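J.: model this:
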Amino acid sequence: MRRYFAMPARPATYSRWLHLLIPAAVASVWLFISPSKPWMPFLFAVPVGLLPAMRLAEGVQAQLLLTPEQRGRPDAAISAGPARTWAARWRTVAWLEVRLVLAAVTCFATVWLPATAVDLVRGAFGTVPSGQWLARGVGPGWWCALIAPLPVLILLGLVVLGGEVATAAARELLGPSSAERMTVLERRTEQLLERNRIARELHDSIGHALTVAVVQAGAARTAGNPEFTARALAAIEETGRNALDDLERVLAVLRESDLPVSRRPTLAEADRLLESARGSGAHIEVKKNGPLESVPGPVSREGYRILQESLTNVLRHAGAVPVRVRIVVARECLELEVANPLVGSSRGSGGGRGLRGMRERAALLGGKARTGPHDGEWRVHATLPLDRIR
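T.: Numbering: from 1, shown residues only. A predicted model of the protein is given here:
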């Protein structure tokens, strides 16, 4: 109840009032032409409502005046687009008919209720009321001043009620259909998936670069060897450049949604990762089996990121330790395994954004990624199917 009392103070109430009066202004043109046939605008609304563009025009106008707080939002209750089906066209026709009825009631109330209020004010000064709706049978006198605000209050109530009815009808008749709602939901889902992918890209590439830089800087500070320090600084420089390239790729995706993903690094560039980890002190033994260039692009790109995150975790948690890397390209799947000795406390198999990101990457391709301690080692083992991508 409090909400309805507050409605007269809202700007949307008066924009809805304007929306209710617009059809009356259009219909009045016909009334000047043929006042004996006031039903013609209702008949004329049928062919007009069947025009696909009419749904777009009515939707834009309804968003602007009925629900201004939702204007331009993809999840707006009132859609703004042309009619694509016959069902949408007939819903537009029904909306126009409802709008004409509401316009007739609103126009009558807007004209006659203020006139009645003025008539009552004149009656308070001794003028006999002319017989308007509320003033009929009321003689002149001071009591007319007491009831003069009543028509204005009734008008405000009708405006609020009419605006609520028009908004509810617009949401029902101009709102998106089930198919349109599914399209919006799919688009939002794709956006969320893209945001998650970009978050993983940033975590893996920038996290790897920062880990390598920290390890190299710490080793150079404690080594006391100018030659080693020079190599460490060179490794930090190269890793920083690669991280900047990765960051530029990710930012380009944010700026241009149609950027081809093929510019992202693949397993064909795995040697760059391995050399970067070796430069940080890790002793890496690599075993490759099968042609990496034959791996489909999506699998190769996600495999690169899984390998990158695995090496980052080794440097971050274990330091300069022996690492076994195995990359096997079979007929049906790509197997990727990274193992290193456990140092200190073992990492929880379920924690960390990096571990979760590896499992998400594998799951998106229909594969699996297992991480955790195994026979005194920390092991990452990913299996990515190739036949589904081909």
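J.: Could I get the full set of helices for this protein?
T.: Counting by DSSP state H, one finds helices in the chain at the ranges 2-6, 11-33, 40-49, 52-65, 86-124, 143-147, 149-173, 178-223, 226-255, 270-279, 297-317, 353-364.
J.: Generate a markdown table for the ones you listed, with mean neighbour count and mean pLDDT as supplementary columns.
T.: All C-beta spots, glycine's among them, are computed from the backbone N, C-alpha and C. Supplementary listing: the helices of the chain in a markdown table, determined by neighbours: other C-beta atoms under 10 Å; pLDDT from 0 to 100:
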| stretch | mean neighbour count | mean pLDDT |
| --- | --- | --- |
| helix 2-6 | 9 | 63 |
| helix 11-33 | 15 | 84 |
| helix 40-49 | 15 | 86 |
| helix 52-65 | 19 | 89 |
| helix 86-124 | 18 | 87 |
| helix 143-147 | 15 | 79 |
| helix 149-173 | 18 | 90 |
| helix 178-223 | 16 | 70 |
| helix 226-255 | 15 | 72 |
| helix 270-279 | 19 | 82 |
| helix 297-317 | 24 | 85 |
| helix 353-364 | 19 | 81 |
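J.: now those as a markdown table including distance to R264?
T.: Written out in a markdown table, the entries for those read as follows (distance: least, C-beta to C-beta, whole Å):
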| stretch | distance to R264 |
| --- | --- |
| helix 2-6 | 52 |
| helix 11-33 | 47 |
| helix 40-49 | 49 |
| helix 52-65 | 39 |
| helix 86-124 | 41 |
| helix 143-147 | 76 |
| helix 149-173 | 43 |
| helix 178-223 | 8 |
| helix 226-255 | 6 |
| helix 270-279 | 13 |
| helix 297-317 | 5 |
| helix 353-364 | 12 |
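J.: Minimum distance to N340: which of the ones you listed has it?
T.: Set against N340 and scored by C-beta to C-beta, the helices of the chain come closest in helix 297-317, at 4.9 Å.
J.: ok and that closest one relative to helix 270-279, angle-wise?
T.: When axes from the mean of the first three to the mean of the last three C-alpha atoms, to 10 degrees is applied, the directions of helix 297-317 and helix 270-279 differ by 0 degrees.
J.: Report all helices and strands that helix 297-317 contacts.
T.: Applying 3 or more C-beta pairs under 8 Å, 6 or more residues apart in numbering; DSSP states H and E, we find helix 297-317 packed against helix 178-223, helix 270-279, strand 322-329, strand 333-341, helix 353-364, strand 377-385.
J.: Adding distance to L146, write these out as CSV.
T.: Below are the helices and strands packed on helix 297-317 laid out as CSV (distance: least, C-beta to C-beta, whole Å):
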stretch, distance to L146
helix 178-223, 52
helix 270-279, 87
strand 322-329, 92
strand 333-341, 87
helix 353-364, 71
strand 377-385, 83
